[in-house]
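In: Fold the following and give me the result.
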Amino acid sequence: MPNTRGDIDIDESRLRVRWEKAPRDPIQVLLSGANETPRYRDVREPVKRLLVAERAATGSATGIMSSGVRIHAHQINAALRIIRDPVQRYLLADEVGMGKTIQAGLVMRQILLDAPGRRVGLLVPDALMGQWQAELRDKFHLSDFPTNDGEYPVHILGHGQVDGWGSFGQLDLLVVDEAHLLARAAGPEDRPYRELAAIAHAAPRLLMLSATPFSRGATTHLALLHLLDPVLFAWENLDSFEHLLESRHQLALAVFGLDEEPDLDNPELLQLQFDQLRENLPEDDVLHTAIARAMAVYGPEGTAAEDVDPEELRLAVAAVRAHVSETYRLHQRVIRNRRHVIEKQPLDDEGLLTPFEFTGRSRPKVARSDVDEIQAGAVAVAAWASRCADAVLDDGIDPAIYGAALAVLFSRLGGPIDDVCGVLEHRLGGDASAAALLPAEAAALDAAPVLAFERDLLDQARDSTGGRALRAIADMILKRTPPKKKAVVFCGRGSLATNLASLLSADGQIKYVQSHVANQTDMDREEAVAGWLSQSGLLVVDDTGDVGRNFQQADLAFHVRLPANPNALEQRIGRIDRYGHEKTAEQYVLADDDREGITSAWLGALVRSFGIFDTSISALQEVVEELTDQAWTALLRGGVEALPDMHESIVSDLVREKRRINELDALESSYGGNESGQALAKAISEYEADAVSIEKAFRALIEGHEGFRFVSKSNKDGSINFDRSQTDKPLLSPRLLGRLLNAQNARTGYFDRWRLTSGRALYRRGNPFVDGLEDLLNLDDRGQAVAMWRLHPPWPHDPLAFFGFDFLVEADVEPILATLDGDAEAAPVARRRADAAFPPQHQRIWVPVNNQGPVTDGRLIEFLGEPMLKNRDVNLNLERIPALHTLVGGEKHLASIAEACFTAARARVDEVSDVVDASKRAVQALRLETEVLLARSAARAKATGLVADPDALESEVELSRAIEVGVASPVVRVTGVSVVVLSAQSFADYV
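Out: Take a look at the predicted model:
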């Protein structure tokens with residue numbers, strides 16, 4: 001027993017079982033004599049306060065906080081919109097490279113946190129399955145949440161594994177990556193769209209990802225929205241949907257026409273643009289007010305341009321654009337951020353927010369080789385194209401099918417000629433294994449009948465195999481790769497990558513050479529990338545490195561082979577064109593020596609016509625696909641001169657498509673400032689700014705003798721592992737201890753986000769280990785009730801006892817739950833909405849027993865709150881507590897005095913400015929938000945023919961009003977009580 005020597009006899013009537021429920025009233029713990037040493041409180045209270053502060057900073061978005069990613073406002077904003085919405089069915093449509101995978105991972109972690117045991121299914125392009133698996137494992141730690149039968153909660157299937165999709169019948173969340181690829185359907189019965197619709201509609205939650213959601217065809221557009229809402233966007237209403245899109249076109253044009261940087265000298269132009277908006281939305285009073293506010297920035301007539309604030313004007317116009325896009329979006333659960341908007345968003349003045357920067361692209365340099373084998377490959381492909389062109393003229397064969405076959409042949413051109421021979425072998429019925437043809441490639445080759453010349457051409461090509469091509473390619477790479485730099489070597493599909501990696505490894509001129517190829521396991525490829533990241537050197541990849549991977553840390557990129565489809569090259573460049581502060585990777589194309597040949601012609605089209613090395617063309621996939629087919633057909637018919645002749649038409653078609661998408665984006669994109677995400681990102685950064693103090697407090701609790709007595713181990717990567725001590729028994733029952741040991745990986749990690757390495761956990765709320773600590777702090781009464789005598793010689797009065805009450809103040813979620821019909825699964829959503837509106841806060845109120853007037857003197861409050869100090873403070877345990885009884889007139893009066901002090905403290909909470917002001921601010925903000933929602937809802941209701949769901953915002957208005965009720969009357973509950981007696985004399989004088 002504490003504070004006793006040896007064994008003592010205890011009557012069984014005095015024995016009490018410590019149960020696994022949170023104490024409802026810490027005051028009763030004190031009055032029953034169960035208070036223990038203040039040292040328990042002193043290691044627990046700092047962590048309790050940190051947990052409340054973290055909850056306030058994050059609005060209980062624990063899935064975001066505990067993920068191993070950097071905090072970027074637009075990504076956080078997207079995740080917040082979803083996890084704060086009772087209806088979690090969304091289309092994430094950010095442009096490429098902006099982190100849709102991150103957004104989806106944040107949502108997945110939160111949904112699993114809300115109800116462990118849930119199941120998540122992912123449908124992703126087959127080539128991205130390994131990448132998704134690694135991202136979810138290393139950044140989002142979804143293995144923390146096994147299903148009820150102990151399985152990993154996430155099941156990933158490829159787009160091509162349609163027959164297996166039926167296993168997704170009992171999901172809690174379905175995630176579909178590159179959803180537009182599966183939505184290219186002419187009708188609801190098309191396969192695999194039919195199978196996708198079945199599981200999408202069966203899943204209670206749906207998250208679709210697509211950088212190109214706005215198809216040129218209304219059917220694909222409808223197909224995507226039908227997956228979100230089958231009632232509102234029914235296939236039977238295709239005709240009316242097409243009419244809806246047409247009617248929105250004029251409004252989209254008007255919004256698109258708004259200058260984002262208005263001319264300070266020409267208010268008449270801006271007024272003209274605003275008038276076009278008014279014509280489309282004559283009954284939108286909010287819009288008219290916003291327009292008037294923007295025009296007022298110009299000042300009275302005759303105001304000089306230099307007297308107009310350009311930033312104020314820009315923001316006022318942005319407010320008009322934001323109102324229109326947020327009010328008249330076709331579907332309210334489509335989230336789309338665009339690069340140029342995110343790039344313009346300001347950071348905070350304190351420098352806490354992490355900038356989201358794009359690395360950009362660079363045009364490639366060309367490195368040429370005159371080695372015979374490399375030249376022979378180019379000659380063979382050119383000869384095949386030329387002879388096919390003759391057959392088109394002489395025999396009237398279809399040039400399109402031979403153009404498609406030529407594209408496949410070209411994709412194996414570069415380096416050794418073996419893979420070119422493999423393609424020709426396939427056409428002639430031989431062994432084409434070296435070329436590693438995809439089914440679509442084989443189909444394209446088979447569709448074009450074999451021509452008589454091809455056997456002789458293959459024989460000639462075979463004569464050149466085994467030359468110096470591989471050595472020449474290796475030398476060109478070695479010559480251009482400085483020491484300690486990271487280079488990616490893109491080899492495309494076929495045998496080239498494996499052979500080149502073997503040669504470079506055996507050569508030894510570069511110390512570290514890694515390979516990332518199809519015949520490896522997922523684990524082998526992961527280890528190769530990890531080794532390349534840590535050691536630098538070369539990473540040689542085949543087409544498995546063209547999609548899904550993140551090589552943004554590359555200093556150089558070598559294209560040994562160019563894809564025949566610009567969309568495939570866009571995917572490849574996307575591996576190194578991501579976000580971050582790294583310098584743009586330098587790129588090289590390794591080519592034959594013929595500057596007038598097919599490789600040079602195609603590279604010229606990619607650079608000048610498609611502009612792919614200058615900017616992303618990911619949003620233009622559909623038109624690029626059509627132009628690619630036209631280009632290869634033209635090249636086959638007219639030779640390499642045909643590509644420059646197509647330059648103007650390609651550029652014109654791309655510009656036209658880009659304008660079409662921009663017009664649609666004017667209505668569908670997010671033009672708000674991501675305010676929620678920015679506020680949360682800043683709050684998280686402020687909370688995490690002092691990671692040292694966070695670590696100190698948590699480790700005192702986890703490892704301290706008065707804490708849970710775990711042991712720690714520091715790993716080489718700087719992470720810390722916590723485990724139970726084998727020698728020092730923790731003050732926990734085995735059942736409670738199990739709450740800290742249930743997720744092993746969660747106990748190895750960092751307290752500092754900026755030191756976090758891949759695969760390691762972050763010690764934040766949402767981490768099962770930290771959540772276990774929080775649970776135990778709520779269940780364990782140790783430290784919740786303490787009493788001590790503080791010897792303070794300067795104290796001028798008789799000994800005086802002060803009661804200190806710890807209160808948790810939080811918004812009431814009951815009105816929100818009532819609005820959501822008491823849905824138990826909506827409880828976490830309700831808590832997040834409540835905490836976001838009114839961040840929870842801790843208040844400690846001190847009340848002296850003599851006059852029961854709450855202490856307001858700051859220095860006295862600070863002194864009373866100091867932790868227990870040896871030789872100054874004495875724990876009033878069972879033997880010493882009579883000293884306190886003496887001061888209050890006897891033990892029988894302690895309860896009534898404690899209750900009176902509590903009543904005074906509770907009344908004081910309602911008067912504390914932090915609580916009152918926070919509640920008033922929250923109510924005011926919510927009322928403003930509700931007014932905006934009401935105005936948008938009213939405007940949307942009047943927009944006949946422009947929106948499909950005019951009543952879409954009504955439920956959000958109702959929810960906002962319920963949150964206001966919960967914020968206006970926050971819940972206050974006591975979480976701890978401390979008694980401190982200030983005295984100039986020893987406690988012994990009063991026992």
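In: Strands of the stretch 1-150 of the chain, residue ranges please.
Out: 89-92, 120-124 (DSSP state E, counting those that start in this stretch).
In: rank those strands by mean pLDDT and give me the bottom one.
Out: Ranked by mean pLDDT, these end with strand 89-92 in last place, scoring a mean of 90.
In: before we move on, back to that, distance to G858 and mean neighbour count added to the strands of the stretch 1-150 of the chain, as CSV?
Out: (C-beta placed from N, C-alpha, C; glycine too.) Converted to CSV, the strands of the stretch 1-150 of the chain look like this (distance: least, C-beta to C-beta, whole Å; neighbours: other C-beta atoms under 10 Å):
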stretch, distance to G858, mean neighbour count
strand 89-92, 48, 25
strand 120-124, 50, 25
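In: among those, which is nearest V231?
Out: In terms of C-beta to C-beta, the element of the strands of the stretch 1-150 of the chain nearest to V231 is strand 89-92, at 11.9 Å.
In: how far out from the middle of the chain is the closest one?
Out: 13 Å (C-alpha atoms, centre = their mean, to the nearest Å).
In: Give me the contacts around that strand.
Out: 78, 81-82, 100, 103-104, 179, 205-210, 213, 224-225, 228-229, 331, 333-335 (C-beta atoms under 8 Å, 6 or more residues apart in numbering).
In: Let's see that with 7 Å instead.
Out: 78, 82, 100, 103-104, 205-210, 213, 224, 228, 333-335 (C-beta atoms under 7 Å, 6 or more residues apart in numbering).
In: Show me these that map onto strands.
Out: Among the contacts of strand 89-92, the members found in strands (DSSP state E) are 206-209, 334-335.
In: Filter those residues down to the buried ones and express that as a ChimeraX selection.
Out: Isolation of the buried members of the ones in strands among the contacts of strand 89-92 (16 or more other C-beta atoms under 10 Å) is achieved in ChimeraX through the command below:
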select :206,207,208,209,334,335
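In: Make CSV out of the ones in strands among the contacts of strand 89-92 and add distance to N850 and pLDDT.
Out: Below are those laid out as CSV (distance: C-beta to C-beta, whole Å; pLDDT from 0 to 100):
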residue, distance to N850, pLDDT
L206, 63, 95
L207, 61, 96
M208, 66, 94
L209, 65, 92
V334, 64, 82
I335, 59, 82
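In: Output the ones in strands among the contacts of strand 89-92 as CSV; include the columns distance to H249.
Out: As requested, those are exported to CSV (distance: C-beta to C-beta, whole Å):
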residue, distance to H249
L206, 28
L207, 29
M208, 24
L209, 26
V334, 18
I335, 22
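In: ok, back up a step: list just the one of the strands of the stretch 1-150 of the chain that sits closest to R561.
Out: Of the strands of the stretch 1-150 of the chain, nearest to R561 by C-beta to C-beta is strand 120-124, at 25.1 Å.
In: and the closest one, what other elements does it pack with?
Out: Contacts defined by 3 or more C-beta pairs under 7 Å, 6 or more residues apart in numbering; DSSP states H and E place strand 120-124 against strand 154-158, strand 173-176.
In: most packed of those strands?
Out: Stretch with highest mean neighbour count among the helices and strands packed on strand 120-124: strand 173-176 (a mean of 26; mean count of other C-beta atoms under 10 Å).
In: on that earlier part again, let me have the helices and strands packed on strand 120-124 in CSV, adding distance to L91 as columns.
Out: CSV is the format used below for the helices and strands packed on strand 120-124 (distance: least, C-beta to C-beta, whole Å):
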stretch, distance to L91
strand 154-158, 20
strand 173-176, 9
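In: and the longest helix belonging to the chain, what other elements does it pack with?
Out: In the chain, taking DSSP state H as the definition, the longest helix is helix 913-942. Judged by 3+ C-beta pairs under 7 Å, 6+ apart, helix 913-942 is in contact with helix 310-328, strand 841-848, helix 954-968.
In: Which of these sits closest to A787?
Out: strand 841-848 (13.8 Å).
In: Give me the contacts around that closest one.
Out: 49, 52, 56, 800, 802-809, 854-855, 861, 864-865, 901, 904-905, 908-909, 912, 914-915, 918.
In: Return the members of those residues classed as buried.
Out: So, of the contacts of strand 841-848, 52, 56, 802-809, 854-855, 861, 864, 901, 904-905, 908-909, 912, 915, 918 end up buried under the neighbour-count rule (16+ other C-beta under 10 Å).
In: where does the stretch 251-400 of the chain dip in pLDDT?
Out: 338-360 (pLDDT under 70).
In: Confidence-wise, which helix or strand of the chain is lowest on average?
Out: helix 339-344 (a mean of 60; mean pLDDT, DSSP states H and E).
In: Downstream of that one, the next helix or strand is which one?
Out: strand 365-369 (DSSP states H and E).
In: just to revisit the earlier point, can the helices and strands packed on helix 913-942 go into CSV with extra columns for distance to R278 and mean neighbour count?
Out: Formatted as CSV, the entries for the helices and strands packed on helix 913-942 read as follows, by distance: least, C-beta to C-beta, whole Å; neighbours: other C-beta under 10 Å:
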stretch, distance to R278, mean neighbour count
helix 310-328, 11, 19
strand 841-848, 45, 20
helix 954-968, 25, 20
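In: any chance of the ones you listed in a markdown table, with distance to A376 too?
Out: Below are those laid out as a markdown table (distance: least, C-beta to C-beta, whole Å):
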| stretch | distance to A376 |
| --- | --- |
| helix 310-328 | 56 |
| strand 841-848 | 76 |
| helix 954-968 | 66 |
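In: Determine which of these approaches Q587 most closely.
Out: Nearest of those (C-beta to C-beta): helix 310-328, 35.1 Å.
In: Of the strands of the stretch 1-150 of the chain, give the one that comes closest to P970.
Out: Nearest to P970, of these and by C-beta to C-beta, is strand 89-92 at 30.4 Å.
In: could I get the strands of the stretch 1-150 of the chain as TSV with distance to I845?
Out: What follows is those, written out as TSV (distance: least, C-beta to C-beta, whole Å):
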stretch	distance to I845
strand 89-92	43
strand 120-124	45
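In: what's the closest of these to R361?
Out: strand 89-92 (23.7 Å).
In: Parallel or antiparallel, list what pairs with the closest one.
Out: Applying DSSP bridges, strand 89-92 is found paired with strand 206-209 (parallel), strand 334-335 (parallel).
In: returning to what we had before: which of the contacts of strand 841-848 fall in strands?
Out: Checking these against DSSP E, those in strands are 800, 802-809.
In: These into CSV, with extra columns for distance to L457?
Out: Converted to CSV, the ones in strands among the contacts of strand 841-848 look like this (distance: C-beta to C-beta, whole Å):
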residue, distance to L457
L800, 104
F802, 97
F803, 96
G804, 91
F805, 91
D806, 85
F807, 86
L808, 80
V809, 82
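In: Nearest to F987 among the residues you listed?
Out: L800 (13.2 Å).
In: Spit out the contact partners of that closest one.
Out: 848, 850, 981-982.
In: neighbour-wise, which of these leads?
Out: V981 (24 neighbours; other C-beta atoms under 10 Å).
In: any idea how far P848 is from it?
Out: Look at V981 and P848: by C-beta to C-beta, to the nearest Å, they are 10 Å apart.
In: which residues of the stretch 401-550 of the chain score low on pLDDT?
Out: For the stretch 401-550 of the chain (pLDDT under 70), the answer is none.
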